[in-house]
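**Student:** show me the folded form of this:
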Amino acid sequence: MMMNTITLLLGVTLLYSTPMVFGALGGVLSERSGVVNIGIEGMMTFGAFAGAAAGYYSGNPWIGVLCAALAGGILALLHAVAAITCQADQTISGVAINLLGPALAVFFCRLAFDGATMSYPVANKLPKIFGSGAEGIWANLNVDIMVIVALLFAVAMWFVLYRTKWGMRILAVGENPAAADTLGINVYKTRYVCVILSGILAGIGGATVTLGIVAQFTQTSIAGQGFIALAAVIFGKWKPIGAYRACLIFGFSQALTVVLGGGAVAVPTEILAMLPYVLTIVILILFIGKSVAPKADGVPYVKGRR
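**Tutor:** Just a heads-up that it's a prediction; the model follows:
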């Protein structure tokens, strides 16, 4: 009984942390290049719809993931144009994306699903690690394959940022874009690439929800996971592995709501529902003063200005 509970807690933690991992990695990449991207929530929501719709009509969940990545990338491109080219306030642009993403998702959902604000259930979900025949405690750990993909992405991003020339250029642009410019690094191009990639990752995170966890899009599919992912960026000190660990903590809090909700101890559903968000606030209060963002994060770059 105890082992079953432990494996269930572990499996649900991995399941619920994975969408946030993709969103957090996107946030890390964007902010490491010097562009604040608080529009992760909107990009995840639009990606969640695109993934569910494409997965339903194509019957292939991987096509859904690709479409979700494209949807997130399109919104990220809008944010990049506003923040980099137009030098708009990056926070305001991110807020606009958070409003635009869900609105577009509902609008296109009504067009694609006969006026409904939720998609039809996806028949073919993302494949499981152990296939469909897992039993016993292995069934609790039989999460979808995106759990492994998220871990690989986190390790790959760490390697790229800290072990490759391109990664060092990203870090330089995020710390001192003027100095990077004098070394021949194209600051605008670097930031554009990073912001668009952050949207692609966020879109994949959204698809992980609607193609792996709930198997359909609803207006509450993401429900603040993008904002929690941003908290994980700060808690993880703008580092890929740190953000991944932070997402595991937040995923664990959501797993507790599942395990305690079905346990013998009666815990009010209202308390369980707010647990992940309370934990987010507490962690930000405790750690935000100890985390140092890249020096040029949120600062528009104007070529020639020192």
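
**Student:** where are the low-confidence patches of the stretch 101-250 of the chain?
**Tutor:** Low-confidence segments of the stretch 101-250 of the chain (pLDDT under 70): 133-136.

**Student:** hey, where'd the helices end up in this structure?
**Tutor:** Taking DSSP state H to define them, one finds helices in the chain at 2-32, 40-58, 61-80, 90-112, 137-140, 146-163, 165-175, 177-182, 187-208, 225-235, 240-261, 269-287.

**Student:** which one of these lies closest to residue 301?
**Tutor:** With Cβ to Cβ as the criterion, residue 301 lies closest to helix 177-182 of these, at 4.4 Å. Using the backbone N, CA and C atoms, a C-beta is placed for each residue, glycine as well.

**Student:** using CSV, list the CA coordinates for that closest one.
**Tutor:** Taking Å, rounded to 0.1, in the frame of the first residue of the first chain, the C-alpha atoms of helix 177-182 are listed here in CSV:
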residue,chain,number,x,y,z
PRO,A,177,24.4,43.4,-25.3
ALA,A,178,26.6,46.5,-26.2
ALA,A,179,29.8,44.5,-25.5
ALA,A,180,28.5,41.6,-27.4
ASP,A,181,27.7,43.8,-30.3
THR,A,182,31.2,45.1,-30.5
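
**Student:** tell me which of the helices of the chain sits most buried.
**Tutor:** Stretch with highest mean neighbour count among these: helix 40-58 (a mean of 30; mean count of other Cβ atoms under 10 Å).

**Student:** who does that one touch, helix- and strand-wise?
**Tutor:** With contacts taken as 3 or more Cβ pairs under 8 Å, 6 or more residues apart in numbering; DSSP states H and E, helix 40-58 sits against helix 2-32, helix 61-80, helix 90-112, helix 187-208, helix 225-235.

**Student:** what packs against the last one?
**Tutor:** Other helices and strands packing on helix 225-235, by 3+ Cβ pairs under 8 Å, 6+ apart, are helix 2-32, helix 40-58, helix 187-208, helix 240-261, helix 269-287.

**Student:** mean pLDDT lowest where, among those helices?
**Tutor:** Ranked by mean pLDDT, the helices and strands packed on helix 225-235 end with helix 269-287 at the bottom, a mean of 77.

**Student:** distance from the chain centre to it, please.
**Tutor:** 18 Å (Cα atoms, centre = their mean, to the nearest Å).

**Student:** next, the angle helix 2-32 makes with that helix.
**Tutor:** Per axes from the mean of the first three to the mean of the last three Cα atoms, to 10 degrees, the angle that helix 269-287 makes with helix 2-32 is 50 degrees.

**Student:** okay if I get the helices of the chain as CSV plus distance to residue 126?
**Tutor:** Below are those laid out as CSV (distance: least, Cβ to Cβ, whole Å):
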stretch, distance to residue 126
helix 2-32, 10
helix 40-58, 9
helix 61-80, 5
helix 90-112, 19
helix 137-140, 16
helix 146-163, 6
helix 165-175, 29
helix 177-182, 38
helix 187-208, 7
helix 225-235, 17
helix 240-261, 17
helix 269-287, 22
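
**Student:** circling back to that earlier point, now the helices and strands packed on helix 225-235 in TSV, with distance to residue 165?
**Tutor:** Listed next are those as TSV, based on distance: least, Cβ to Cβ, whole Å:
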stretch	distance to residue 165
helix 2-32	15
helix 40-58	27
helix 187-208	12
helix 240-261	17
helix 269-287	31
